[in-house]
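>>> sequence? don't have it. structure:
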């Protein structure tokens with residue numbers, strides 16, 4: 001991997017989070033990490049930040065899986081043609097790929113936002129607004145990140161974050177609940193901070209709970 005991409009790994013249970021931190025760079029100097037399909041997609045990006053994220057993610061992919069193409073489901077979830085589950089996220093100057101051989105994983109990275117309170121009524125339920133210390137920007141960012149992770153695990157689009165994605169904390173364990181029309185999905189979450197970025201991923205397999213009619 002090119003020297004500008006600084007790799008690291010975070011191991012949590014059966015999941016390994018592979019990360020790459022990068023400085024400002026000229027994306028055109030690293031087009032060799034893209035295959036033909038990816039190059040066509042790269043050329044559609046008009047923003048330099050998005051171009052750098054795309055290049056850094058594919059450089060990490062190339063290091064982990066060679067030229068294996070990253071596919072996407074109709075819901076937008078990434079996957080590769082190997083016996084492993086992946087999830088991709090990025091924030092700031094860091095991109096990350098979570099890999100788990102045992103069960104599907106959702107990963108989200110979020111820079112801690114000091115102005116997150118301006119948006120929290122869009123994604124927090126009334127119960128969450130009352131239960132959590134909403135003056136704590138890191139905490140509110142963590143809940144936002146947790147809900148982004150639940151969204152990736154839900155397997156469907158058009159989800160109301162405030163009504164259908166619920167976050168709770170029992171002692172030191174974060175828990176997520178995805179409300180579907182006829183069933184719920186329950187999962188444990190790990191949430192932690194590294195250099196101003198919140199990382200969230202599921203630490204357990206998603207549990208299917210059929211709702212009584």
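Nice, I can see it. Computed from a prediction, not measured in an experiment: that's the story for all the values here. Numbering: from 1, shown residues only.

>>> Okay, now the unreliable bits of this structure?
Applying pLDDT under 70 to the chain flags the ranges 213.

>>> Can you give me the domain boundaries for it?
Following automatic domain parsing, one finds the domains of the chain at 6-105, 109-210.

>>> want to throw those domains into a markdown table with mean neighbour count?
All C-beta atoms are positioned from the backbone trio N, CA, C, and that covers glycine. Converted to a markdown table, these look like this (neighbours: other CB atoms under 10 Å):
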| stretch | mean neighbour count |
| --- | --- |
| domain 6-105 | 16 |
| domain 109-210 | 17 |
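
>>> and residue 131, what does it touch?
Applying CB atoms under 8 Å, 6 or more residues apart in numbering, we find residue 131 in contact with residue 168.

>>> Quick check: phi and psi at it.
phi -80, psi -40 (degrees, to the nearest 10).

>>> Give me the three-state assignment for residue 200.
Of the three states, residue 200 takes strand under DSSP: H, G, I helix; E, B strand; the rest coil.

>>> Whichever strand or helix holds residue 129: what's the following helix or strand?
Element membership for residue 129 (DSSP states H and E) is helix 126-131. Sequence order places helix 137-154 as the next helix or strand after helix 126-131, per DSSP H and E.

>>> Quick check: residue 148 touching residue 198?
No - at 9.9 Å, residue 148 does not count as touching residue 198 under the criterion of CB atoms under 8 Å.
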